[in-house]
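Engineer: Here is a sequence with its predicted model. Questions after.
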Amino acid sequence: MPRLRSRTLLLFAVLSFFVVTTSAVAYDLPSVNLGLTSFLDGGLPSGPGVYITQYVQYYSADQLNDNDGNDLNIPGTDVDAWISFTQFLYQSDMELLLGGKWGLDAIIPYVSVNTSYDSGIAGPEANGAGLGDILLVPYLQWDPIMGKNGPVFMHRIALSMLLPTGKYDANKELNPGSNFFSFNPYWAGTLFITPRWTVTTRIHYLWNAENDDPNRQLVGLYGATDSQAGQAIHANFASSYEVIPKMLRVGVNGYYLKQISDTKINGNSVSGRKEKILGIGPGALFSFSQDSHLFFNLYFESDAQNRPEGTRSVLRFVHHF
């Protein structure tokens, strides 16, 4: 009898741990631009024409944080993601509105996500590899404001839309696709403090439509038949210095995301699921020519809430035809 009781208590403890773990880490927001863009983001390097950009991103985390920003201490936590983004962009030379020249941008992601934990531990599961959510981005780009020593300021506004094209399984918490539409407009600007020293930011607003097939966590905890991730603000920021003229820039880069409204389940707001993350690190930009450029950016995350906390590295090659 004592042995049966001890086994019952152990089983209850394991089940309680699983419930606390899965309810404490939200994963409600879709994948967005966290650190993909950095230096000189307010303009295009070679003016009008066709651009192709290839991004490769690697993300790794060994901790999952709760709503208070504390590590859940799930033994053996390992979250890894490889993400490939292929971007096709056309910048016209035709003014459309207030001097802004129209352009169109499309990004196709391919995502591979994996999770692992110590033997016998249950945690958020990943849905492997597959197509992510395609982005369509109509935008307006303004020509640089010029000074006596070169450009002083350049900027762009864009209406990013994430289409629910990605691989999705409601029985997994981490998916390549979100299974819902998102509107993610942004403004990006670059200021030349000196001809060699620049500061850049890109500020996004995120709105999400309903998911009519919520994941099993939301079904189990709330009896969800539909869900709607909260709204969020996120931004990239960077500062670089031109070490070798027209060839090499080095600097610091970062990103910040904060969810500003609660997730809704069956139309009702649910507290305790807002997400937040900060990432900061070094970066470099090497220009082979006016038409070919290679970016490398590294980010170390902190201040995470309801998200993994780890490191993110991005390699990006841009070519203008």
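Structural biologist: Ah, there it is.

Engineer: Helix or strand for L218, just tell me which one.
Structural biologist: helix 216-222 (DSSP states H and E).

Engineer: Give me the buried stretch members for that helix, please.
Structural biologist: Across helix 216-222, burial judged by 16 or more other C-beta atoms under 10 Å covers 217-219, 222. C-betas here are computed from N, CA, C, even on glycine.

Engineer: for the stretch 1-150 of the chain, what spans make up the helices?
Structural biologist: Residue ranges of the helices in the stretch 1-150 of the chain, as given by DSSP state H, counting those that start in this stretch, are 2-24.

Engineer: if we can go back for a sec, of the buried residues of helix 216-222, just say which sits nearest to R316.
Structural biologist: Among the buried residues of helix 216-222, Q217 lies closest to R316 (C-beta to C-beta), at 33.1 Å.

Engineer: Would you agree the closest one is in contact with E173?
Structural biologist: Yes: at 5.8 Å, Q217 counts as touching E173 under the criterion of C-beta atoms under 8 Å.

Engineer: still on that earlier bit, who are the packing partners of the helix holding L218?
Structural biologist: When contacts are defined as 3 or more C-beta pairs under 8 Å, 6 or more residues apart in numbering; DSSP states H and E, helix 216-222 sits against helix 2-24.

Engineer: what is the mean pLDDT for the helix it packs on?
Structural biologist: For helix 2-24, mean pLDDT is 37.

Engineer: same deal with stretch 233-246?
Structural biologist: 98.

Engineer: Determine how far that stretch lies from the middle of the whole chain.
Structural biologist: 18 Å (C-alpha atoms, centre = their mean, to the nearest Å).

Engineer: Check which residues of that stretch are buried.
Structural biologist: So stretch 233-246, judged by 16+ other C-beta under 10 Å, has buried residues 234-240, 242.

Engineer: coming back round to it: closest one of the buried residues of helix 216-222 to L278?
Structural biologist: Closest approach to L278 among those (C-beta to C-beta): Q217, at 24.8 Å.

Engineer: and the closest one, what pLDDT?
Structural biologist: pLDDT at Q217 comes out at 89.

Engineer: cool, E210 as well?
Structural biologist: pLDDT, read off for E210, is 97.

Engineer: Can you classify the closest residue to D262 other than its chain neighbours by secondary structure?
Structural biologist: Spatially, and ignoring its direct neighbours in sequence, D262 is nearest to S269 (4.0 Å; C-beta to C-beta, 6 or more residues apart in numbering). Three-state call for S269 (DSSP: H, G, I helix; E, B strand; the rest coil): strand.

Engineer: what's the neighbour count on S269?
Structural biologist: As a burial measure, S269 scores 12 neighbours (other C-beta atoms under 10 Å).

Engineer: Report the beta-bridge partner residues of it.
Structural biologist: In this entry, S269 is beta-bridged to K264, by DSSP bridges.

Engineer: What spatial separation is found between it and Y55?
Structural biologist: 35 Å (C-beta to C-beta, to the nearest Å).
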